[in-house]
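Asks: Would you be able to build a 3D model of this:
(chains A, B, C and D)
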2 protein chains.
Amino acid sequence: MDKKSPIRITLTKRDESVTITQWVYSTLRNAIMTGQILPGRALTIRELAAILDVSPMPVREALRQLAAESALEIQGNRRVMVPKMTAMKFNELCEARINLESHAAARALPYIDNERLQELIELDKEIDEAQDNDDMEQITVRNQRFHRALYTANPHQITLPLIESLWLQLGPFMRLANSRLEEHYTIDRHNEALQAIERKDALALQLAIAADIREGFAFAVTPELLHSFIEQSASEAD
Amino acid sequence: MDKKSPIRITLTKRDESVTITQWVYSTLRNAIMTGQILPGRALTIRELAAILDVSPMPVREALRQLAAESALEIQGNRRVMVPKMTAMKFNELCEARINLESHAAARALPYIDNERLQELIELDKEIDEAQDNDDMEQITVRNQRFHRALYTANPHQITLPLIESLWLQLGPFMRLANSRLEEHYTIDRHNEALQAIERKDALALQLAIAADIREGFAFAVTPELLHSFIEQSASEAD
DNA sequence: ATTCAATTATTGTGATCACAAATTTAAGAA
DNA sequence: TTCTTAAATTTGTGATCACAATAATTGAAT
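Replies: The predicted structure is shown next:
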C-alpha cells in the first residue's frame, strides 16, 4: 500500500497587504473549488502548513472558517476532510441553489439601475469571450462574477454568503457545469435574464436564473452520468 | 464619559467532554441570540477571554467561526462586532427565512414517517406547555427544535446550516417573535403544518411554515414598530 | 476651549511549545 | 497468516510570547 495520496495545491504569490490567514483561506478555498483535494482525504494542520510553508496557526483558522461554511467537514475525531458527494446531496444542493438564487435575483431586481445593467451586459460579454477561448478557468470565474453582480445590486442583500456556501459545496462540479457548452446547443439564459431585467419582469428573471442553473448541471441529468462524475472524484474513499 | 459598556454574558458550567473552543462558541452564540451583546459594540479577544476566564486562543477560534456564519462582522480594521440591524435588513432576513425554510420543509416532507410525525406532535405539545408557563426562553428553544426536527427529516438535507445562520442574524428578534401570543389571537400554524404533513400536501405545508414565520414577526408589521425594536437594541451605536 | 502631534496602551496576528488524545506501527500469540 | 495488544508517532487543542498595526491618551500650540 502506498502512502497517503499527495496533495497538490496551486500556490499564488501572497499579497503583502493580506494576512497570512486570509491567503491560506483563499488558497485552500480555491483548491477545494477546483477539486484539487479529493473528498475523504484527511487534512492535517501540520501537513497543510508544510505544503503552504506557513506556521500551523493560520491554517488552523482557515480550516475552521471553511468548516463553518460547510466547505470542509469536521468528523467526530476532530479530523477534517472535504465532504464526499452523493447523488442525493448533489440534487439537494442544486435545488437549494435554484431556490436561493432566484429569490436573490428577484429581490435585487428593483435596485438594478441602468449602470448596473450595463455592468451585467459587460460581464456577460466577457463570459462569451472566455467561452470562445475555451478557458474553463475564466468561464467559471466570470460566471460567478455575473451572478454576484446581479444579487449584490440589492444593497440590503444578505443571501450571498449562503449562496457562496452552496457554490463551495458544489465545488468542482461548478466547473463541469460550464463545460457543457460545445455539446448540446443551449439557449443563452443570461441574455434571457438581461431582457427580463430591462422589462422589470421578476418572474421571467427568476425563471431565467433557475434555467441557467439547471441547464448548467444538465450533464448530470441522468443518474448514471452524475454517478460517474461523483465516482471519479470519490475514487479514493473508504 | 464612562468607559465602554460592560458585557454581561450568561455562563454555563462547561461539560468536560467538550472542547473549550466549542464551549466558548456556544456561550457567545447564545449571548448573541439573546441580545446580551449590543450591536456595534467592539469585541476584543482579550476582553472576552477575561470574561469567560479562558485563554485568548479559544476565543479567537470561536469569533472566526461566528463571523463565518454572519453572526459577527469583521470590520476593515479587524475589529469584530455584532452587526447592526436595519429595517431593510430585517425584512430581507425574514423573506430569506420564509423562502429557505418552506423549501426545506417541502423537501423533507417525503421523508417524514409516522415516527417523525409523532416526534413533531410531541415537540408541538412541549411548545404549548412552555407557552402556558410564559417561559420565553423555552418557547424559543422548543420552537427552533420543532423546525429543526422537521427539516432534518430529509437525510440529505443541506440547508439547515444556512437556516441557522439566518436565525443567528435575526438574533434577539427570534425571541420577540415568540412573545406575540397573548396580544392578538393567532391560528396555530404548527397544527396546520402537522395536518398538511399527514395529508402529504407539500404546498399546504409550505404555506403553513411561511405563515408561521411571517406571523411570528407580525410585531414588526408596521415600520414604526419595527423601528422602535431596532432602536432599542442599537441605542448605543455610533 | 479646540485642534493637532506625539506618546502610550491595546489589539490582532502569527510563532512556538506542552500535552493529552488519537492514530499508526510494531510485536507477539494464536 | 490473522488477530490482539503494546509501544511509538502524529495530531488537535490550548497556552504563552513577540511584534507590528491600530486605537487611545496626553500634551502643547493656536
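Asks: Against which helices or strands is the top helix by length along chain A packed?
Replies: Ranked by residue count and defined by DSSP state H, the top helix of chain A is helix A:87-108. With contacts taken as 3 or more CB pairs under 8 Å, 6 or more residues apart in numbering or on different chains; DSSP states H and E, helix A:87-108 sits against helix A:136-151, helix A:160-170, helix A:202-216, helix A:223-233, helix B:87-108. For glycine as for every other residue, the C-beta is placed from the backbone atoms N, C-alpha and C.
Asks: Minimum distance to DNA strand D: which of those has it?
Replies: DNA strand D lies closest to helix A:160-170 among the helices and strands packed on helix A:87-108, at 19.7 Å (CB to the nearest atom of the strand).
Asks: and the closest one, what's its mean pLDDT?
Replies: Across helix A:160-170, the average pLDDT comes to 97.
Asks: That helix: what's the following helix or strand?
Replies: Tracing the chain past helix A:160-170, the next element assigned as helix or strand by DSSP states H and E is helix A:173-176.
Asks: which residues touch that following helix?
Replies: Applying CB atoms under 8 Å, 6 or more residues apart in numbering or on different chains, the set of residues contacting helix A:173-176 from outside is A:33-35, A:85, A:90, A:136, A:140, A:144, A:167, A:217, A:219-220, A:229.
Asks: Of those, which is the nearest to residue A:198?
Replies: Of all the contacts of helix A:173-176, residue A:198 sits closest to residue A:144, with 22.7 Å by CB to CB.
Asks: Which positions in chain A make contact with DNA strand D?
Replies: For chain A, the contact set with DNA strand D under CB under 7 Å from any atom of the strand comprises A:43-47, A:56-57, A:60, A:78-80.
Asks: Quick one, grab the pLDDT at residue A:233.
Replies: pLDDT at residue A:233 comes out at 56.
Asks: Out of the contacts of helix A:173-176, which one has the lowest pLDDT?
Replies: Among the contacts of helix A:173-176, residue A:220 carries the lowest pLDDT, at 67.
Asks: circling back to that earlier point, as TSV, the contacts of helix A:173-176 with neighbour count would be great.
Replies: Shown next, in TSV, are those (neighbours: other CB atoms under 10 Å in any protein chain shown):
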residue	neighbour count
A:33	21
A:34	17
A:35	17
A:85	22
A:90	21
A:136	15
A:140	21
A:144	16
A:167	20
A:217	21
A:219	18
A:220	21
A:229	18
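Asks: which ones are touching the residue most central in space within chain A?
Replies: In chain A, the centroid-proximal residue (CA atoms, centre = their mean) is residue A:167; its distance is 3.2 Å. With contact taken as CB under 8 Å, 6+ apart, residue A:167 is in contact with A:33, A:97, A:144, A:174.
Asks: Name the residue of chain A that lies nearest to chain B.
Replies: Residue nearest to chain B within chain A: residue A:68 (3.6 Å; CB to the nearest CB).
Asks: list the contacts for residue A:33?
Replies: So residue A:33 contacts A:167-168, A:171-172, A:174-175 (CB under 8 Å, 6+ apart).
Asks: where's residue A:60 relative to residue B:24, distance?
Replies: Plainly put, residue A:60 is 15 Å away from residue B:24 if you go by CB to CB, to the nearest Å.
Asks: Same drill for the two, tell me which one is more crowded.
Replies: residue B:24 (24 against 19; other CB atoms under 10 Å in any protein chain shown).
Asks: Out of the contacts of residue A:167, which comes closest to DNA strand C?
Replies: Closest approach to DNA strand C among the contacts of residue A:167 (CB to the nearest atom of the strand): residue A:33, at 21.3 Å.
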